[in-house]
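Novice: need a 3D model of the following:
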Amino acid sequence: MTTRRNFLKQSALASAALALSSHSSFSLNASQRLLGIQLYSVREDMKNDPLGTLKKLAAIGYQYVEHANYMDRKFYGHAPADFKKILSDLGMKMPSGHTVLGKQHWNESTKDFTDAWKHTIEDAAVAGQQYVVSPWLDASIYETEDSLKRFMEVFNKCGELCNQSGMKFGYHNHDFEFSKKVNGKVLYDLILGLTNPKVVIQQLDTGNLFNGGVKAIDIIKKFPGRFEMMHVKDEILAAGGHEKYESTILGKGIAQVKEVIDHGASEGTKLFIIEQEAYQGIAPMDCAKEDYEVMKKWGY
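Specialist: Just a heads-up that it's a prediction; the model follows:
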């Protein structure tokens, strides 16, 4: 099974390219909550038939999507303005997207972002994103506490850069942030301590962290008000592979998902993105439909 972790390792670093532009096409107010889907949940469908897949998601009821494919300044093979129009014609928008911010995107000598990264920000704004989310940290970044501090300052600068385009920059966790320690300190604690919450928001993945030995409910209570976005994901014991847990249809696992998202909503979480990476023999699109129905039943 191709996991999100392997997908990011193999392709996300090579897909960088974001920059500066005009304000994105919509913004969230303090009381608004949005429900969307991470398109990685239906990755094979998007690879084989992007337009047909988006039509099916729209028919289910999804109005918001989050991308996981930005390469050569295109989203799923389409220029930013064109992809925005494709979504608009289906009654959909793309408030967020995943693109890894890596060391190769920062020029240490000039203390500035590369043109490739600036293009990424620009294209995200053109596509109508409100959030640019980096979903990975290369291990070299957190080799030492000093190296992590230096790159978290790059995160803060990226937050300022995104703000100039009317967007916000964020980070999405996996599991290593909770199992790894740097200088005796938990990596995730350091990340939240070193990033300015005014310019760097956190997208908590409610499922990934189980493989890091923690529970989402404990993390949101430990860091109240820090999670403007969430990846809504449930977990069960994995049938195979290298990880103990894998994702499943919402409400069928052990992640206490409703309790977590309700708590997040009470503290200001605005964007809830469904993501399911493993399917237990059920078609991904059928999983996406059932996940949507569960979230609606829960009041989202």
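Novice: past the longest helix along the chain, which element shows up next along the chain?
Specialist: Of all segments of type helix in the chain, defined using DSSP state H, the longest is helix 145-164. Later in the chain than helix 145-164, the nearest helix or strand by DSSP states H and E is strand 168-172.
Novice: please enumerate the helices of the protein.
Specialist: With DSSP H as the criterion, the chain has helices spanning 4-7, 43-48, 50-60, 80-89, 115-126, 145-164, 176-179, 187-194, 216-222, 257-266, 284-297.
Novice: any idea of the mean pLDDT for the first one?
Specialist: Right, the one you point to is helix 4-7. Over the span of helix 4-7, the pLDDT mean works out to 51.
Novice: could you check how far the residue nearest to Cys158 when sequence neighbours are not counted is from Lys111?
Specialist: Computed as C-beta to C-beta, 6 or more residues apart in numbering, the closest residue to Cys158 that is not its neighbour in sequence is Phe169, at 4.7 Å. (C-beta placed from N, C-alpha, C; glycine too.) For Phe169, the distance to Lys111 equals 17 Å [C-beta to C-beta, to the nearest Å].
Novice: then Lys270?
Specialist: Distance, Lys270 to Lys111, using C-beta to C-beta: 32 Å.
Novice: higher neighbour count, the two?
Specialist: Using other C-beta atoms under 10 Å, the more surrounded residue of Lys270 and Lys111 is Lys270, with 21 against 9.
Novice: verify the contact between the more buried one and Gly225 for me.
Specialist: No: using C-beta atoms under 8 Å, Lys270 is not in contact with Gly225, being 11.8 Å away.
Novice: mutual contacts of these two, please.
Specialist: Residues touching both Lys270 and Gly225 (C-beta atoms under 8 Å, 6 or more residues apart in numbering): none.
Novice: still on that earlier bit, quick check: mean pLDDT of the longest helix of the chain?
Specialist: Averaged across helix 145-164, the pLDDT comes to 98.
Novice: now that helix against helix 115-126, angle please.
Specialist: 40 degrees (axes from the mean of the first three to the mean of the last three C-alpha atoms, to 10 degrees).
Novice: buried sites along helix 145-164?
Specialist: Going by neighbour count (16 or more other C-beta atoms under 10 Å), the buried part of helix 145-164 is Leu148, Phe151, Met152, Val154, Phe155, Asn156, Lys157, Cys158, Gly159, Leu161, Cys162.
Novice: and the spatially closest residue to the fourth one that is not a sequence neighbour, what is it in contact with?
Specialist: What that stands for is Val154. In this structure, Val154 finds its nearest non-sequential neighbour in Trp106, 5.0 Å apart by C-beta to C-beta, 6+ apart. Contacts here follow C-beta under 8 Å, 6+ apart; on that basis Trp106 touches Asp112, Phe113, Thr114, Trp117, Phe151, Val154.
Novice: looking at those residues, which one is closest to Asp89?
Specialist: Trp117 (29.6 Å; C-beta to C-beta).
Novice: go ahead and confirm that closest one touches Val100.
Specialist: No: applying C-beta under 8 Å as the test, Trp117 and Val100 come out as separate, 10.4 Å apart.
Novice: what's the first-to-last distance across stretch 269-278?
Specialist: 25 Å (C-alpha to C-alpha, to the nearest Å).
Novice: mean confidence score for that stretch?
Specialist: The average pLDDT within stretch 269-278 is 98.
Novice: for Gly36, which non-adjacent residue is closest in space?
Specialist: Once flanking residues are discounted, Gly36 sits nearest to Tyr64: 3.2 Å by C-beta to C-beta, 6+ apart.
Novice: go ahead and confirm that neighbour touches Leu87.
Specialist: No: taking contacts as C-beta under 8 Å, Tyr64 lies outside contact range of Leu87: 9.1 Å.
Novice: comparing those two, which shows the higher neighbour count?
Specialist: The neighbour count for Tyr64 versus Leu87, taken as other C-beta under 10 Å, is higher for Leu87 (22 against 18).
Novice: contacts only, for that one.
Specialist: When contacts are taken as C-beta under 8 Å, 6+ apart, Leu87 is in contact with Leu54, Val65, Lys93, Met94, Gly128.
Novice: then Asp112?
Specialist: By C-beta under 8 Å, 6+ apart, Asp112 lies in contact with Trp106.
Novice: report pLDDT for it.
Specialist: Confidence score, pLDDT, at Asp112: 98.
Novice: contacts only, for the closest residue to Asn69 other than its chain neighbours.
Specialist: Closest residue in space to Asn69, ignoring its immediate chain neighbours: Tyr76 at 5.1 Å, by C-beta to C-beta, 6+ apart. Contact analysis of Tyr76 by C-beta under 8 Å, 6+ apart lists Leu39, Met46, Pro50, His67, Asn69, Phe83.
Novice: where in this structure is pLDDT low?
Specialist: Judged by pLDDT under 70, the chain has its weakly predicted residues at 1-31.
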